[in-house]
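A.B. asks: fold the following and give me the result.
(chains A and B)
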Amino acid sequence: MGGSSSLLPQEALGEYQANPFQHRICHVFSTSEDGDDSMSFEDFLDMLSVFSDAATSDIKSRYAFRIFDFDDDGVLDGKDLEKLVNCLTGQGEEARLSSIEMEQLIRNVLEESDIDKDGTINLSEFQHVISRSPDFVSSFKIVL
Amino acid sequence: MEAAPGTAAAAAKPAKSCKKYRMGKRHANIYTYQEPPHSNSDEDISEEKADSQDPEQVFQNIQYQKEVMSNIRCRPWPMRQKLRVLRQAKEIVLKYEGRLTRTRGYQAAGAELWRKFLRLAYNFVVLFIPWEMRIKKIESHFGSGVASYFIFLRWLFGINIVLTIMTGAFVVLPELLAGAPFGSTVSKTIRQEDLKTAQDLDTIWSLGGYLQYSVLFYGYYGSDRKIGKAGYRLPLAYFLVGMAVFAYSFIILLKKMAKNSRMSLASASDENYTFCWRLFCAWDYLIGNPEAAESKAAAIVNSIREAILEEQEKKKSKNLAVTISLRIIANILVLLSLTGSIYIIYFVVDRSQKLENNKRELTLWEKNEVSVVVSLITMIAPSAFELVAALEMYHPRTTLRFQLARVLVLYLGNLYSLIIALLDKVNSMSVTNSIYSIYQVSNNSTPSSATGTPAKEDTLSATISDAQMNSSESHAQSLPTAGSLVNNTASSNSAQNQCWETYVGQEMLKLSIIDMIFTVASILLIDFFRGLCVRYLSDCWCWDLESKFPEYGEFKIAENVLHLVYNQGMIWMGAFFSPCLPAFNVLKLIGLMYLRSWAVLTCNVPHQQVFRASRSNNFYLAMLLFMLFLCMLPTIFAIARYKPSLSCGPFSGQEKIYDIVSETIQNDFPAWFNSVIAYISSPVVVLPALLLLFMLIYYLQSIARSLKFTNNQLRMKIQAERTEDKKKVVQMAVGQNLVDIPDDQIMSDFTQNSEGTRFQSLDGSDKRPDKDGGLISQESSVRASTPRKNGSVLNFESPVSKGTRIQTISQTVPHAVPSTDVARPVNTTPTTSASLTPAPSVSSAQKPRNDHTTNRYPSVVHGSASELCKTKPYTPVTFKKRIGDVHSEPLFRKSIRQVNPDAFGAGAPVFVGRRPHATRYFIVNENEPRKKSARSTSRLQRQFRIEEPEDIVELYPCNVRRYVVQTPQCMYSPHPSEDEEDEEALGRHYVKRSHRPRSLSDLRPAPRFYIGDRADGHVLTSKVHYKSWDDGFELDLDRPPYAYKKVHLKNVEADQHYLEPQVKPKTKHMLEQSLTESDSVSIESSSDPQNSSNDQYIQVIHSKEKYLKPGTKLTKKKSNTNIELNMSEPNELVCSNV
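C.D. replies: Numbers count the residues shown, from 1 in each chain, chains lettered A, B, ... in the order given. Next comes the predicted model:
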């Protein structure tokens, strides 16, 4: 296959240091065996193809789901959502949501999206929600 | 043929396939140079098949491979796999395609070349899209919101280019080339008294002098009907182009809006996922700039907080008095400022008019004060509104909306008051004109002008109406008065050179220029210098400039867009009177583009309150359309209402501007056309036509309404079905885990069964209930279902064979079967113990077992003893261990029984409705085999645990199952047997290993491409295994099963989640595999975004049916020796369904 020897370390994407999900993105697209989340050329291609304009919203949402699924268990549960919110809000003291707010937020999110009421959001539920969003596709892309 | 179901989805999207394939191909080519180009388009396969060994099949195969290739981009696989599959498919196509025809190879090569060329051309064209790179850069720094402003700007730029070309090509150029040269006619010469100042800066600045007498303005254009040798009808062209500007703008706007709304149609507006969107769609992945990221994060936090607050507000009622009063005050303030601004504009125009009339020499300020004031107001008022909006305490989104609405009203008010004031002035001018004409032609032509004037009365100001009165009286009474009046009013400008159209055009152009200057100034001052100050002074300032007061300038998308709209409105308003206005606007937009993008990149931070206007949003366009309409009105009004200036412009001497059309028709068209036009314009035709139009509108509207209605209904239906489907799938999934069968019949069957069994259990084991309380009763009921094998089994057998839905239930058989297999073959076949001998009558076989149960429970030792005698025959080696197991067993069970309710209580929210019931049922269900072997029991338990969550998440059996394995196992960790723990450890090990590196996307494809081989392989392995089982069970009871498992794990990734390694029967293995395959296949097919969950679920069912059959067949094959096995299957089915 070629190219597999050149691994892209996680820090190499300098332009995207601002992205709160950078580690998750690296993790999701990495196929590295030793778990250092480095990306081979193919992984990189993979990532760019998912984040490109041409990718369908189905694929985009699928990978978004995996990015948000922090513990890689295939569902978004409360903990995943909490981590997601913390990622979004950053580490600042005033920016972080209080536990009450967090609880409320997660409850509301689950209320909206959890169709089968199992307390978690699975892929199809996630995609259902995402497909209704007007600007997910336009924002879930990367321009290098 | 691999994975046939995938083709269904593949066929569903032919439209995108080409493009996608192209991309995929390019990726592939990086690696596969050696491969020559080949055909991949579906179209050219439609020819007849060639004569190979089996052309039909080859053809289908090729087509299938092509589908695979074209859809490869839609698959969520890692690149490596995509490449592999792609190459494989290509090889196949390449290999077989030659057999079909030779010519197709050339065709394909040609097509490939053409595609490459197109791609190249596309890449080339992209280079010429203006500012593409710039916009991309902004997009990558500030996100799509800010970029949308620039895209909108670029789009406006495009429109203005077209408008410029239209006016330039049809009006300006002909006039320049073929019109009378400068100075040849009165309207094209500068007056003598102005000549000396014509080149002064301030004259040029106020667009007087040479500029006034140039192609810039209406007045310069000659009124000759035909110019040049070819006889170009300039006046007609002028009029038509003026109208075409509006028409083109309308058409292009509506087209764009229609396109956008078509794009955004998919997102139903009535479904609202406020929180989810705020969370999942919040981040703009384009953002790469740390500062932008910071403010984006802040914006997200704000929006989340706001949503939470809103939610909290909803719950509690609050005291609105203060806020309402505040809002009233705010609205009053806004209204005041609006009226104030309108008044100021009117006042300024009026003043300038008076000044013009009274003073000969105007200062620079006096000449420009109108446009300066207007621009100032447009700059200052929005900020004032923002301050006022802070009073209102709406939440930010509403605030933004209010703000936009107010600003829009302000802009419109400005433009309107300006144009009205100008038209007022025009009125006075045309009146003086008319008076002048009266004066000139004396009494001869007065009737015509007099008839013209009274109609104007409504809009005239007092002085003018005075003049009018005078004028209308003038011809009746005395000329000298009229003459003196004219001399008074028209003293400053000789009426000969009065040209109101030029005047309006001048004002609009001036306004546009000053607006541009103010924009530039505001960008420099408010953004750039402020940014500089903040950045470099903050070190030596007493507070933090960057975060406290001045901060950096924000890029307010909405306001800026509104400003663009306003700017465009000015252009439309003035375009008729100043044909070069679009050209000027083009320059302005170019400048704005560069300046804005520079400012954004250097000294702006994105607005905290992000205005969500993606490209598919029609908001900007709707505003623009609104603006266009409102800006068209004054122009149309002026055209229709006022008499064109007598001495200048292409329409001089006509009564109305639009007379040019009828005049041309009258003079230059043949007579018959004239009569036709006369007919058409007569009321006989016009009235019915109007009526027809109204009827048509009404009809279309009612159709639209009904369509909307049906649309809504369909959407509701889809929603209902979707939720229904989801529920069904969940139920089905749960049903596999022994719960919730949608079928009422079965449910009733089941309840009957359980009722019955409960009675029986009460008979069978009386002493039990006092042990465990409530749970026990259920347990016992199900335990008793063992003895009831006959009845319940038969009950269920029949429905199983009945219908499709029941088929889905019968899927549970595979799950359950292995457990019995585990229990039974181990116990029965080799031992030939009396109780479990393969007896033709099942009831006889059951009764002893029932005895066992009753006997076993009272005392632990007894149970273990019975266990012992069973296990003894096969496993002398592991005997001790087994004893240990067995001894620990009661303990374990006790603990379990107490733990379980808790555990499931804790886990209860996870499960839907009836879930807890179900789990309890199957716990008991496990108890039943436990009677036979403690080991198998515990294993079964785990097995059930493992399977159960699998189906909650109906779409990834693999992952989820794997995950959920962990927690239940932890629950059971108290189990003392080391064997068990080992297993656990191993299981966990596998779980962990299989867990991370490959997840969803990896797992699914694996089964997909090996279906054929796998099924075969499985039959084989299962058989082999089974044999080995029979022969040497000791081996199995020792660790060897792990080895088995490992082999399997290696073979098939998807199997890794079946971690109950030990006594696991192969049938189960295989069946489950097939199930997962079907699952994954359905997922594959559902990867098509258009395929809603509907199809997907249907497919699940189908495929499961398909796969189920071989499974059952297999089990039958296997169970040839003992009927008991067969019988036990249904039995397990009952249990599992329970």
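A.B. asks: for chain A, what's the nearest residue on the stretch 1-150 of chain B?
C.D. replies: Here the residue of the stretch 1-150 of chain B nearest chain A is residue B:79; by CB to the nearest CB that distance is 3.9 Å. No exception for glycine: its C-beta is placed from N, CA and C like everyone else's.
A.B. asks: ok, how many other residues are close to that residue?
C.D. replies: By other CB atoms under 10 Å in any protein chain shown, 25 other residues sit near residue B:79.
A.B. asks: got the contact list for it?
C.D. replies: Contacts here follow CB atoms under 8 Å, 6 or more residues apart in numbering or on different chains; on that basis residue B:79 touches A:42, A:43, A:45, A:46, A:49, B:27.
A.B. asks: again, only this time at 6 Å
C.D. replies: Contacts for residue B:79 (CB atoms under 6 Å, 6 or more residues apart in numbering or on different chains) come out as A:42, A:45, A:46.
A.B. asks: so which of the residues you listed reach chain B?
C.D. replies: Among the contacts of residue B:79, the residues lying close to chain B (CB under 6 Å from any CB of the partner chain) are A:42, A:45, A:46.
A.B. asks: so the last one sits against residue A:29, correct?
C.D. replies: If I follow you right, that is residue A:46. Yes: the criterion here is CB atoms under 6 Å, and residue A:46 meets it with residue A:29 at 5.5 Å.
A.B. asks: leaving out the residues flanking it, which one is nearest to residue 137?
C.D. replies: You didn't say which chain, so I picked chain A. If the residues on either side of it in the chain are set aside, residue A:137 comes closest to residue A:57, at 4.8 Å by CB to CB, 6 or more residues apart in numbering or on different chains.
A.B. asks: not what I meant, chain B
C.D. replies: Nearest residue to residue B:137, sequence neighbours excluded (CB to CB, 6+ apart): residue B:601, at 7.3 Å.
A.B. asks: which residues touch the helix or strand harbouring the one you found?
C.D. replies: Assigned by DSSP states H and E, residue B:601 belongs to helix B:581-603. The list of residues contacting helix B:581-603 from outside it, by CB under 6 Å, 6+ apart, reads B:134, B:138, B:153, B:157, B:160-161, B:163-164, B:167, B:516, B:523, B:527-528, B:531, B:555, B:571, B:574-575.
A.B. asks: rerun at 7 Å
C.D. replies: Around helix B:581-603, the neighbours that count as contacts under CB atoms under 7 Å, 6 or more residues apart in numbering or on different chains are B:131, B:134, B:138, B:141-142, B:146, B:150, B:153, B:156-157, B:160-161, B:163-164, B:167-168, B:508-509, B:512, B:516, B:519-520, B:523, B:527-528, B:531, B:552-553, B:555, B:571, B:574-575.
A.B. asks: mind checking which of the residues you listed are in helices?
C.D. replies: Judged by DSSP state H, helices contain the following of the contacts of helix B:581-603: B:134, B:138, B:141-142, B:146, B:150, B:153, B:156-157, B:160-161, B:163-164, B:167, B:508-509, B:512, B:516, B:519-520, B:531, B:571, B:574.
A.B. asks: list the buried ones in the lengthiest helix in chain A?
C.D. replies: Using DSSP H to define each element, chain A has its longest helix at helix A:99-113. Judged by neighbour count (16 or more other CB atoms under 10 Å in any protein chain shown), helix A:99-113 contains these buried residues: A:101, A:102, A:104, A:105, A:106, A:108, A:109, A:110, A:112, A:113.
A.B. asks: stretch B:516-525 too?
C.D. replies: Buried positions in stretch B:516-525, judged by neighbour count with 16+ other CB under 10 Å: B:516, B:518, B:519, B:522, B:523.
A.B. asks: can you check stretch B:302-312 too?
C.D. replies: Going by neighbour count (16+ other CB under 10 Å), the buried part of stretch B:302-312 is B:302, B:303, B:304, B:305, B:306, B:307, B:308, B:311.
A.B. asks: for residue A:88, see how far away the third one is.
C.D. replies: When CB to CB, to the nearest Å is applied, the distance between residue B:304 and residue A:88 equals 8 Å.
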